[in-house]
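> Sequence plus the predicted model coming up.
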Amino acid sequence: MSTIKVDTIKNRGNAINLPNNFKIGGNSIIQGYTASGTEPSSPATGDFWWDSSNDKLYRYINGEFKELTLVAATDILWGGDRGVFAGGQTDSLAVTNTIDYMDITSASNAQDFGNLTASKRYLSGASSTSRGLVLGGYSTSGSGLNVIEYVTIASPGNGTDFGDLNAQGYYVYSCSDGTKAFTFGGYSSPNILNNIQQRVIATTGNASDFGNLSTYAYVGASCSDTTRAVHAHGRTRTSPSSGTLAYSNTMEYITTANAGNATDFGDTTTARGELAACSDYTRGVFAGGYNNTVGRYDIIDYITIQTTGNATDFGDLISDRYRLGGASNKTRGVFGGGNTTSGNSKVNSVEYVTIQTPGNATDLADLSTAVQALTAFAGNPS
């Protein structure tokens, strides 16, 4: 270790030359700066690059240039204007690997994005603004999957292997704080799960344990802001493989920065499962669902994510539906696909709400096919 002690520095008219520089943790305290239209070669940790072709500023961190941006208080880090819908079961009862994408801000129908690595339904999704994860699912051969795959939201293409969940699971539900994806409960035959799993979205690899729900739950829905994730249980029982199954209105939350068990949040307006959720920077919205007493629901209810308490009525979907997918940008929530009361048929319609303005959903666009048991997430188109 080197030690330097300075009592006095006098200006003699010439700059002091330190040929080896000062270093902290092996890295120079002097950071380079490059302004160019192409990425600099051989950068050092901490170097800045002004991308003059696109007017963007980057800093070299952890082996790559990361864009430096200002985030408004109303921006979200887990969504964006491009909605992505993946997988599911079509009206012909075929399980699909199709991925669609659409512009959440406009009434334009979905376009082909690519394909998942395999056809699956009852899968789950979460995203940052740039990368979407598809987690778990139920295969065409009739078994649960532990596969996680990802897509780059701005670049249509096929899914790529990311890693694995801790257990083969379907009917799992996920959300993201923009940095990590969190997956709650699920079903791994013959057991219902109570575990909460986490995974950093930017780095491929397997999920790790975060904590547990207070009960064993599946077919729920999850939403989040930058610090808290809230999960509506869906259907529960008190042990993994025995006991009475019941539809639940319970919600629990976690603080995303601190691994640990979930804490009671409040209740949704109605006990139901197979619903969808999305969120903006403060509010979570839950839509649709099913229970075996009433059947399908058109209910939309909402919560303020940082304020524990019961959900409040928001409005209604255009029609009763369940097994739908939900995603959002910073102002709109969209809900696509699902199963309706009309002859047990699947739908391809996408409806939207303005998350800060309670009211009924409005028709927006159509997916490429009628589909249920799909997943959805959103991010930036560029």
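Everything's here; your move.

> Please count neighbours and contacts with C-alpha atoms only from this point.
Fine.

> quick one: S141 and R121, what's the gap?
From S141 over to R121 the distance is 11 Å, taken as Cα to Cα, to the nearest Å.

> Please say which of those two ends up with more neighbours.
Remark: of S141 and R121, R121 carries more neighbours, 29 against 8, as counted by other Cα atoms under 10 Å.

> in the stretch 201-350 of the chain, which spans are helices?
For the stretch 201-350 of the chain, applying DSSP state H, counting those that start in this stretch gives no helices.

> what bits of it have low per-residue confidence?
Along the stretch 201-350 of the chain, no part satisfies pLDDT under 70.

> State the phi and psi torsions of A365.
Backbone torsions of A365, given as degrees, to the nearest 10, read phi -170, psi -170.

> ok, it touching S108?
Yes. Contact between A365 and S108 holds when scored by Cα atoms under 8 Å: they sit 5.6 Å apart.

> between these two, which one's more packed in?
A side-by-side neighbour count of A365 and S108, using other Cα under 10 Å, places A365 first with 21 against 13.

> Enumerate every residue touching the more buried one.
A365 sits next to 107-110, 349-351 when contact means Cα atoms under 8 Å, 6 or more residues apart in numbering.

> From those, which land in strands?
349-351 (DSSP state E).

> Dump those residues to CSV, plus distance to G243 and neighbour count.
Listed next are the ones in strands among the contacts of A365 as CSV, based on distance: Cα to Cα, whole Å; neighbours: other Cα atoms under 10 Å:
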residue, distance to G243, neighbour count
S349, 37, 21
V350, 37, 25
E351, 37, 23
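
> possible to save those residues as CSV with distance to N158?
Converted to CSV, those look like this (distance: Cα to Cα, whole Å):
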residue, distance to N158
S349, 23
V350, 22
E351, 26
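
> which one among these gets closest to N146?
Distance to N146 across the ones in strands among the contacts of A365 (Cα to Cα) is lowest for V350, with 28.2 Å.

> Test my guess that the closest one contacts S368.
No. Between V350 and S368 there is no contact under Cα under 8 Å: 10.7 Å.

> correct me, but D363 touches S349?
Yes. Using Cα under 8 Å, D363 makes contact with S349 at a distance of 7.3 Å.

> Can you give me the pLDDT of G25?
Looking at G25, its pLDDT reads 61.

> ditto for S189
On the pLDDT scale, S189 gets 87.

> In contact with it, which residues?
So S189 contacts G144 (Cα under 8 Å, 6+ apart).

> Also T236?
T236 touches 215-218, 245-248, counting by Cα under 8 Å, 6+ apart.

> Out of these, which sit inside strands?
Per DSSP E, those map to strands at 216-218, 246-247.

> I'd like these as a markdown table, with neighbour count appended.
Output for those, formatted as a markdown table (neighbours: other Cα atoms under 10 Å):
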| residue | neighbour count |
| --- | --- |
| Y216 | 24 |
| A217 | 31 |
| Y218 | 28 |
| A246 | 17 |
| Y247 | 22 |
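
> could the residues you listed be laid out in CSV, adding distance to A35?
Compiled in CSV, these are given as follows (distance: Cα to Cα, whole Å):
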residue, distance to A35
Y216, 54
A217, 53
Y218, 51
A246, 61
Y247, 58
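
> tell me which of those residues is nearest to N206?
Y218 (21.0 Å).

> my guess is the closest one meets S174, correct?
No. Contact status for Y218 versus S174: not in contact, 11.3 Å apart, counting by Cα under 8 Å.

> Residues in contact with both of these two, list them for me.
F184.

> sorry, back to before: any idea which of the contacts of T236 is closest to N146?
Closest to N146, out of all of those and judged by Cα to Cα, is Y218, at 15.3 Å.

> which residues touch that closest one?
171-173, 184-187, 192-193, 233-236, 273.

> I'd say G114 and P156 touch.
Yes. Using Cα under 8 Å, G114 is in contact with P156, at 6.2 Å.

> Help me confirm that G325 comes into contact with V371.
No. If you go by Cα under 8 Å, G325 and V371 don't touch, sitting 9.9 Å apart.

> what touches both of these two?
337-338.

> Could you check the pLDDT of I4?
63.

> my bad, should have said T38
88.

> My read is that it contacts N54, right?
No. Using Cα under 8 Å, T38 makes no contact with N54, being 10.0 Å away.

> between these two, which one's more packed in?
Taking neighbours as other Cα under 10 Å, T38 and N54 compare with T38 leading, 12 against 9.

> Contacts only, for the more buried one.
51, 53.

> can we see that at 6 Å?
Residues counted as contacts of T38 (Cα atoms under 6 Å, 6 or more residues apart in numbering): none.

> Ok, N348 next?
337, 366-367, 369-370.

> What backbone torsions are found at the residue nearest to it when sequence neighbours are not counted?
Of all residues not flanking N348 in the chain, A370 sits nearest, at 4.0 Å (Cα to Cα, 6 or more residues apart in numbering). Note on A370: its backbone torsions stand at phi -70, psi 130 [degrees, to the nearest 10].

> Now do A370, the pLDDT please.
According to the model, A370 carries a pLDDT of 96.

> I'd say it and V347 touch.
Yes. Using Cα atoms under 6 Å, A370 makes contact with V347 at a distance of 4.4 Å.

> which one of the ones in strands among the contacts of T236 is nearest I148?
Y218 (18.1 Å).

> what secondary structure does the residue nearest to the closest one when sequence neighbours are not counted sit in?
Excluding the flanking residues, the one nearest Y218 by Cα to Cα, 6+ apart is G186, at 4.3 Å. The local conformation at G186, judged by DSSP: H, G, I helix; E, B strand; the rest coil, is strand.

> what are the bridge partners for G186, then?
G186 has these beta-bridge partners by DSSP bridges: L193.

> What is the burial count for it?
33.

> and it, what does it touch?
Applying Cα under 6 Å, 6+ apart, the residues near G186 are 169-172, 192-193, 218.
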